[in-house]
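Colleague: need the 3D shape of this:
(chains A and B)
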Amino acid sequence: MLKQVLAAGFLMLAGAAMCQSVSELKGDDLFGGLRARHIGPALMSGRVSDIEGHPTDNKVIYIGTAGGGVWKSQDGGVMFSPIFDDYCQSIGAVAIDPQNPDKSIWVGTGEIWTRNSTSVGDGIYHSKDGGNNWKKMGLDKSERISSIQIHPENSDVIFVGVLGALWGDSEDRGIYKTTDGGTTWEKIFYIDQKTGCSELVMDPNNPDIMYAAFWEHRRTGWSFSSGGEKSALYKSTDGGKSWNKIHNGFPEGQLGRMAIAIAPSSTNILYAVVESEDPSKNGMYRSEDAGASWKHTNADFGLTVRPFYFSRVVVHPTNPDMVAKAGLFGSISRDGGNTFKGLGSMHPDIHDIWFDITDSDKLFSATDGGLYRSLNNGETMEMVQNLPISQFYHISVDNQEPYNIYGGLQDNGSWFGPSKSPGGVEARDWEVIGVGDGFRVYPHPTKPHIMYSEMQGAETIWRYDDEIRQTKVITPFPVKGDPKLRFNWNAPITTSSNNPDRLYVGSQFVHISNDKGDTWKKISPDLTTNDPAKQNQAESGGLSKDNSGAENHCTIFTIAESSLDENVVWVGTDDGNVQVSQNGGKSWENVTEGLLNAKLPANTWCYHIEASVFDKGTAYAVFDGHTKNDGNTYCYKTTDFGKTWTSLADENVYGFARSFQEDLENPNLLFLGTEFGLYVSIDGGSNWMKFENNMPATAVHYIDMQAQTSDLVLGTHGRGIIIIDDITPLRQITDEIIGEEVHFMEMPTFYMDEESTFGGTSGETQFVGQNPSTGARIAYYMAKRHTFGKMRMKVLDKDGNYVASLSPKKKKGLNLVYWNFNGSAPKTAGGKTISRGGFFAPRVPAGTYTVVIEKGKKTFKTNIDVSYPKKSVFTLAERKRQEGTTKELFDINEELAYLVYELETWTKHAQMQAKVNPKLAKTGSKLAASMEALRKDLVITTGDNYVGRAENKLREDIGDVYSTIGGNFGPPTASQLEGVDLIKERMQEARDQMDEIRKKDLKKYQSALEKLEVKTPKMKTFEEYVKKDK
Amino acid sequence: MKILLAAITLMISVSSFAQVTADQIIDNYFEAMGGKEGFRNLKGQKMAAEVEAQGMTIPLEIYMMADGKSITKFEVMGMSMSQDAFDGEVAWGTNFMTQKAEKSEAEDSENKKRSIGEYPSPLLDYADKGYSVELMDNDVVDGVDCYKLKVTKKPILVEGEEVENVEYYYFDQETFVPLMTESEMQSGPEKGSMAMTLYSDYQEVDGMYFAFSMTFKTEDSDGQLIELESIELNPEVADDFFAFPVEDEETTTDEK
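Modeller: Below you'll find the model as predicted:
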C-alpha cells in the first residue's frame, strides 16, 4: 500500500515540495546537518535574573537568565539544562503552577534588572509538560514581565505584573489578569505610560490579597531616571478589583523602585525596600499588619544600593525574621530586617535569592556571574559550573591553529580561549586579560602573544603581552585643546589588516596609533552629533544618582578600516551618524543622509559597519533602534562609499540587529545577528533564513569569521561563544544544486589529526565546550529527506577496494558525515575473552578515496583527498614504515583468526562425529584433542575480561603489538620491531603446528570421512571469512 | 489508476481537513503502513541488524514480542552477549567483564512490565491500552514538515516514584510515516534532555512497512545507527529463549 501511495504521492508532490530557487529556501530546507557548537565558557557564567523552585520537590529548580533563557535542574541545583532555547532568551519571571507544579510552568520574558545592556522580552509563555514544549500566550508588547502569580486553586486564573517598555512610553504596562489560562488577558490595573508594575506578590493563604509595586522610570541612550510621583506600593484585598496605596510609614515625596515580599510563614509580616528622595529613608521597611503600617528598619549600603538593579527581597519559607536582600554583595538578616550581614563571597551583583523549601540551611543566589548555592545559609557560596550563559559584548579571532577567540563580558572581564582543546574546551583553557566589564578584545594581527583589551568607558585600555605576562595601559588621553573625551561604555577598539601595529580607538574622535598604542593621533573632528542635551550623565539616575559611564553618549561606536585600502575608514556613532574617510582621516564625509533617505529613522544607533572585502566602496551597516523604543531591523548596504544605501532587512528577520558578517569568499553569503538569533542569506540579502540548528534565540552581539577554517564565530550576550564550523558548503549552494537528489559539495583536502587524546580534567558538573570533529567532513545536499528504501554509505580506496562503512545522514538540505580516517578493524580470532588490540581499526594512508552513497537503486560518488597533517615531526618514509608494519600485523591478526576459525570448525565437526559415528570416534577425538590443544595456545580460553583475566596468548600479544604500532603516528620503535619479530616467530610456530596437524590427525580424519562418505564441514575461504564489505 | 485514485483520495481527505486530528493522523499512519489488522495480528518480530562500532561491524539479532519479551543477542570475538533482555518478569543483560547474565534493577523490570502492550506500536488501539494522545504544534524533522503527537503511556517508576511516560511522534505531513520519536531521559546526568530515534529506509515485509534504519541520538550527539538486514515476522522461539539464564551450581559457588 505504502509503495503505491508514495509513488503516486511523489508524482503529485515532487514539484510542489522542492524549491526552484535559492531565494525561496527556508532555513529548514537548507541548513540540514550544519550545526552550531557551544564552547561557553561557563567559568564566569552570566547574569541570572530569577530563581524559582518547585513548591514541594526541592530537587526541581528553574532559573531565568538575562540573556540565556530558562534552565532547569532536577537534582537540587547541581546540573542544569536549557529548556527554552527556541524563544526569547531574556527572562523576567518564571512561575510554577501550585496546582500542577510538575508540569505547568509559566515564563515571562524581558529581564527586569534594567541596566543599559539589558535585552527585551516579547511576551509570556506556558509549558504544560515541565518545559519540553512551550506555547506563547500573548502579552507580546509587554517587553518586561516582572511577576506571575497563579491562583492556588484555579490554574486558569493568573495575574501578571508587567513592568513594560524601558526605552519609551507604553500603555502595555500594569497588572494583567486571565481567567482562561492565558487565552485572553484583561488589564486590571494601570497607572500611566511611564509607570509599570515592578513586583506583584500574592498572599499564599489568601489569593484575594495581593501587593504590587509600581515604578516610574525611563532609560534613554544617554540617561536613566528612576522614580517619580507615580511610583507607589499598592494592595488589593478583592482579587485585584481595587487597589489602594499602602504608604503609612513610608517617606514623603517621590518614590523610586521598590521591592515587596510576604513572609510565607506569617503572612501579615511584609518587607519592602524603598527608594525615595531622602537617602536616609531608603532601605528596608517592615510591616507586621499586612501593610497597614511600616517601620523603617535599615538604610545600610547593602539595602539601598542601585535600586533599579537590586530591588528584590526574599523571606525564608519558615522563619519570618530571616530575610535576604539582593544587592552588590547580597545581605541577610536574622532579626526581622533590623541588622544585616553580607552573604558569602561570590560574584557581586546579586539579583535574586532562593531558600530551599525543606533544608533551612540551603540557598541559591543569582548574580551577574552566574548561579551560586550555599549549604550553610549563605556563609560560603559555591558556583554552579555548568551554566554557559556568559554575555559577550564583542569577540574577535586570531589566525593560530587552533585559533583563539577573544572577547569581553558583561561584568566579567576580558578573556581569550581556544576554539578547540584536548578533551573539549574547559574552564582551564580560558585566560583572563582584563578586569571590570570587558568589551572589545583584539589580538595583534601578526604577533598573537600581544593583545588589547579594555574596561567600561575605555577607563583603561590594556596592551597585554602573553609571552611575558605584562600589561601596559595605553588609553589615549586628551591633549591640549581637546574637550573632554567621550568614550562609549562599550568603546570601539579595532586593529588593521593593512598595518599590524595599528590600533584605532573611538571617543567622539577617531584616535589612531601606529605603534601598538604607545603614541596616539586624532584623525577626525567630532564625528557625532555632539548634542549637548545628551551629555548630562552626571545627572543621570533619577532619585538615586547612577553615573557609571553606562549612559555616555554622542560617541563613536564602530570603526572599520577597509582591508582593501587603508585610507578608507568607516565610522558609526551611537547617535546615528555614519561617516567615511577615503584619505586615512584627512577628511570625512557624513553619509547619514543617504541612510535617512533609505528610511532609517534619524539618530538610530549605528551598531556595526562591515567594510566589504570585495570592493572598497562597499560596506554594510546595521543599526539598533531599541534605545529609542524601536525594535525594527535595520541593515543597509552601500556600494558607492555611502552616497546611497539599500535596505537588506526583510520581514523574515525578527528583532533589532547588532551584528553582521560578510563571507570572505562569496559576496552573496551574508550573516546578520539580531536580538533573537542568527540569520543567513545566500543571495546577497534578498532572502534571510533563520539558523536554528542548536542555535538558541539569543542576542548575537558580534560575528566574526575565521579565515583559515571558514568558521563563523558568534559572540552572544547570554549563551557565550557559539561556532558554526566551516560554512564553505553555504558558499556553493545554487539553484541547480537544490534540485538534485544527492549533490556532493566541493570539499577541501582533509588533514588527518595527530593530536594526543589526553586532556579533559573537568568533572561531570562542569561545563565542557564541544570540540569540532577531527574527521573528514563529507558534505552533500539532498533535495528531499531519505525515508524509503535503503541508503548506505561507504569509502573505497583508489582501486575500488572497500575501506570503511559510514552512517549516512538523510536530511533534506545539507548533510554532514564524518569519517575518522580509519579503515576497518581486522577480523580477530574468537576466544573466551576479548583481545583489546583486535578492536583497533588502522588509519588509512594519505591519498584519494571515493565516497559512495547507494540510495535505492542509484549510486552517487565523489572523490576526496586525505593528507597527513601539515605540521608534523614525521617524514613520509617513517609513515610508510609505520603503515607497512601495521598492515603486516593486521594481516597476521586475520591469518590467526582464520586459523582459529579452521580449528574451531574442524573441532566441532570432529567432536560431533566422534559422538554419533563410532567409526569416527577415535580419529575424531584425536583430531579434536590436538586442535583444541593448539587453540588453547593461540587464544585465551578461560577467565573474564577484568581482573579474572587469563595470561595473554598469541592472539592478545598480536593485538597489543598491532594496536600499539598502529596507534602511533611515527615509525615503530626498535623495541616494537623486536616485538614484531617475536610475533612473527610465534605465528610461524603456530603455522608449523597446524601443518603438523594437517599432515597427521586431520589427514587421517579426512580420509576416514571420505571413506565413510561423511560430508566435511562447510568452511569459508579466507577471503570470505575476512570480507568486510557487504 | 485505481491505486493512484486511492492515493489522491487519501491525501485530499487529509489536506481538506482544516485541522487534522490526532486520530486521523494515526489512522493514516496505519493505513500507510499496511493496515491496522496486520499489526494487530503480529506476535513478534526477529530482526537481523548491524551496528558500526570503531571500525567493526557487529551483527545483532533483536527479538521483540507482543507479550513484551525481548532480547538483543550479538557476538564479539567469539563471546556471546545478550542485552536489553526481558523474559516477562525479569530484565537482564550480560555483564561485559564477566560475561555472565545479571539482573537489572527491580525498577527496570517493573518498567518493562508496564511497557507490555506497546508492541508493535503504542499507537495501535491506544485507547484500549489506557494510553492517550494529543496533537501538538507542527514541527520540522530533517527539513520535513511534521505533525507532532504526544503519546502518554502507562506511568513508569523513576527512583521509586511514579512519573508520566510520554513519547512524542513526528509524522511526515505528506506521507504519515513517522520520521522520529522522542522522549525525555529520566535518569543520569542528562536527565531532562531528550533522547531521539530517527527512522528511515522503510521497506515492506509481508505487506507491512517497517523502518530498516534507526538512529538513536541526543541533541548533542550524532548517535548510533542501527541498520536492519531483515525482519522476520512472528518468529518461532522456545519458551525459555528470553529467560534469565540460571548458572550451573559449580560456577555460582562462592569462593572460600
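Colleague: contact partners for the closest residue to chain A within the stretch 101-250 of chain B?
Modeller: Closest contact between the stretch 101-250 of chain B and chain A, by C-beta to the nearest C-beta, is at B:Gly143 (2.9 Å). For every residue, glycine as well, the C-beta is placed using N, CA and C. Shown in contact with B:Gly143 (C-beta atoms under 8 Å, 6 or more residues apart in numbering or on different chains): A:Asp28, A:Asp29, A:Gly32, A:Arg785, A:Lys811, A:Lys812, A:Gly813.
Colleague: and A:Met258, by the same measure?
Modeller: By C-beta under 8 Å, 6+ apart, the neighbours of A:Met258 are A:Ser198, A:Glu199, A:Ala213, A:Trp215, A:Ser231, A:Leu233, A:Ala272, A:Val273, A:Val274, A:Glu275, A:Pro307, A:Ser311.
Colleague: helix or strand for the fourth one, which one?
Modeller: With elements delineated by DSSP states H and E, A:Trp215 resides in strand A:206-219, which encompasses its position.
Colleague: in that strand, which residues are buried?
Modeller: Using 16 or more other C-beta atoms under 10 Å in any protein chain shown as the test for burial, strand A:206-219 gives A:Pro207, A:Ile209, A:Met210, A:Tyr211, A:Ala212, A:Ala213, A:Phe214, A:Trp215, A:Glu216, A:His217, A:Arg218, A:Arg219.
Colleague: show me what it is packed up against.
Modeller: Applying 3 or more C-beta pairs under 8 Å, 6 or more residues apart in numbering or on different chains; DSSP states H and E, one finds that strand A:206-219 contacts strand A:195-203, strand A:224-226, strand A:232-236, strand A:259-262.
Colleague: and these as CSV, adding mean pLDDT, mean neighbour count and distance to A:Thr56?
Modeller: Below are those laid out as CSV (pLDDT from 0 to 100; neighbours: other C-beta atoms under 10 Å in any protein chain shown; distance: least, C-beta to C-beta, whole Å):
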stretch, mean pLDDT, mean neighbour count, distance to A:Thr56
strand A:195-203, 98, 25, 18
strand A:224-226, 96, 24, 37
strand A:232-236, 98, 21, 27
strand A:259-262, 98, 24, 19
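Colleague: and those as TSV, adding distance to B:Lys217?
Modeller: Output for the helices and strands packed on strand A:206-219, formatted as TSV (distance: least, C-beta to C-beta, whole Å):
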stretch	distance to B:Lys217
strand A:195-203	42
strand A:224-226	47
strand A:232-236	51
strand A:259-262	45
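Colleague: nearest to A:Gly407, out of the ones you listed?
Modeller: Closest approach to A:Gly407 among the helices and strands packed on strand A:206-219 (C-beta to C-beta): strand A:224-226, 25.9 Å.
Colleague: the closest one pairs with which strands, and in what direction?
Modeller: strand A:206-219 (antiparallel), strand A:541-542 (parallel) (DSSP bridges).
Colleague: and those: which comes nearest A:Ala829?
Modeller: Going by C-beta to C-beta, the one of the strands paired with strand A:224-226 nearest A:Ala829 is strand A:206-219, 74.0 Å.
Colleague: so A:Ala921 sits in a helix?
Modeller: Yes. Judged by DSSP: H, G, I helix; E, B strand; the rest coil, A:Ala921 forms part of a helix.
Colleague: how about it, nearest residue that isn't a chain neighbour?
Modeller: Leaving aside its sequence neighbours, A:Ala921 sits nearest to A:Ala914 (C-beta to C-beta, 6 or more residues apart in numbering or on different chains; 4.8 Å).
Colleague: also A:Thr886?
Modeller: A:Gly966 (4.1 Å).
Colleague: can you name the residues of the stretch 101-250 of chain B that neighbour chain A?
Modeller: For the stretch 101-250 of chain B, the residues in contact with chain A (C-beta under 8 Å from any C-beta of the partner chain) are B:136-137, B:140, B:142-144, B:150, B:164, B:166, B:172, B:174-175, B:177, B:179, B:184, B:189-194, B:198-204, B:207, B:209, B:212-213, B:215, B:219-220, B:222, B:225, B:227.
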